[in-house]
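> 3D, please:
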Amino acid sequence: MNRLPQFLTAAPFVAVIRLQGAIANGSRSLDDVSLAPVIERAFSKGKPKAIALQINSPGGSAVQSSLIAARIRRLSEDKKIPVFAFVEDVAASGGYWLACAADEIYVDRGSIVGSIGVISAGFGLHELIGNYGVERRVHTAGKSKSMLDPFRPEKPEDVARLEGWLSDLHAYFIDHVKARRGTKLKDNPEHFTGEVWIGDKAVAEGLADGIGHLVPMMKDRFGKKVRFRRYGVRRSLLSRFGAAFVGDALAEIEDRAAFARFGL
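Numbering: from 1, shown residues only. Modelled structure (predicted):
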């Protein structure tokens, strides 16, 4: 049987996709539109032994989390490439949604994992504008068009409708986690209350498969000669200037606020 000379035998490689930051439809955030070409390249360029998701995200948009995770699963199943998630500081809420797109999840002993819940936050400014003598004028066609207007007092029927939406999204999130984690997940209703677990406790609850870091874990799985190809969203130099700079600064504030919820 003929064998290729050793110097012609390509070393195996793992494609690494970095998922850093809050999840939202925006210029600095993680969203499906900006990540689609990154994920497609990672799965399609060469023949990777595996995809490694390097996750550090406090969460964000349920829809964008779902779209990104679904894209990863489709490509994994189509190309028969396993996916491993490695959590850094946090994979909470939508960040954990992304982690569940992997076949196996590994965390650091200090990683924060979970927050399987849905939140909607805002401000009520009607008293503020009243104190300054500002009159709010809104004209609509359709009784629900001005629902939850922050410049008007909250209406019980609007709050009830919002809570219904949040419950539907929460159920969708729970279904995703249960489908992906299966029997690994311990029978604990606290998993779905928005609670978080750290490191070893996350593993004990079945939210993660073990304590482990990307490079040593992948070398242990695919051999010491395994190489790594890294993929992530690239921002152009021009996007750092002008109006985009202001938008990026605001996005950075929102991003830091999302991480601050977990003491990070």
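
> Please enumerate the strands of the stretch 1-150 of the chain.
Secondary structure of the stretch 1-150 of the chain (DSSP state E, counting those that start in this stretch): strands at 13-20, 50-57, 83-92, 104-107, 112-114.

> which ones are touching residue 227?
Shown in contact with residue 227 (Cβ atoms under 8 Å, 6 or more residues apart in numbering): 11, 12, 13, 14. The C-beta positions use only the backbone N, C-alpha and C, and glycine is treated the same way.

> mind running it again at 7 Å?
11, 13 (Cβ atoms under 7 Å, 6 or more residues apart in numbering).

> Neighbours of the nearest residue to residue 69 once chain neighbours are set aside, how many?
Among residues not flanking residue 69 along the chain, residue 101 sits closest, at 3.9 Å (Cβ to Cβ, 6 or more residues apart in numbering). By the criterion of other Cβ atoms under 10 Å, residue 101 has 25 neighbours.

> per-residue confidence at residue 101?
Per-residue confidence (pLDDT) for residue 101: 97.

> That one reaches residue 72, doesn't it?
Yes - assessed by Cβ atoms under 7 Å, residue 101 is found in contact with residue 72 at 4.2 Å.

> overlap in contacts of the two?
When Cβ under 7 Å, 6+ apart defines a contact, the residues bordering residue 101 and residue 72 alike are residue 83.

> hmm, who's touching stretch 61-68?
Residues contacting stretch 61-68 (Cβ under 7 Å, 6+ apart): 23-25, 30-32, 35, 94, 97-98, 118, 169, 173.

> As JSON lines, the strands of the stretch 1-150 of the chain with distance to residue 232 would be great.
Formatted as JSON lines, the strands of the stretch 1-150 of the chain follow (distance: least, Cβ to Cβ, whole Å):
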{"stretch": "strand 13-20", "distance to residue 232": "4"}
{"stretch": "strand 50-57", "distance to residue 232": "9"}
{"stretch": "strand 83-92", "distance to residue 232": "14"}
{"stretch": "strand 104-107", "distance to residue 232": "19"}
{"stretch": "strand 112-114", "distance to residue 232": "22"}
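
> need the helices for this structure, in chain order.
32-44, 62-79, 94-99, 126-131, 156-181, 200-204, 214-222, 242-260 (DSSP state H).

> tell me the most buried of those?
Mean neighbours per residue, mean count of other Cβ atoms under 10 Å, is largest over those for helix 94-99, with a mean of 29.

> Restrict that helix to CA atoms and write it as CSV.
Taking C-alpha atoms only, helix 94-99 is exported to CSV below (Å, rounded to 0.1, in the frame of the first residue of the first chain):
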residue,chain,number,x,y,z
GLY,A,94,-28.2,34.1,24.8
GLY,A,95,-24.5,33.3,25.4
TYR,A,96,-25.6,30.0,26.8
TRP,A,97,-28.0,29.5,23.9
LEU,A,98,-25.0,29.7,21.6
ALA,A,99,-23.0,27.3,23.8
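
> which intervals of the protein have sub-threshold pLDDT?
1-9, 27-28, 120-130, 142, 144-149, 151, 153, 158, 162, 235-264 (pLDDT under 70).

> Which residue lies nearest the spatial centre of it?
residue 95 (3.0 Å; Cα atoms, centre = their mean).

> how many neighbours does the closest residue to that residue other than its chain neighbours have?
With Cβ to Cβ, 6+ apart as the criterion, residue 95 has its nearest non-adjacent residue at 3.2 Å, and that residue is residue 57. Counted by other Cβ under 10 Å, the residues lying close to residue 57 total 29.
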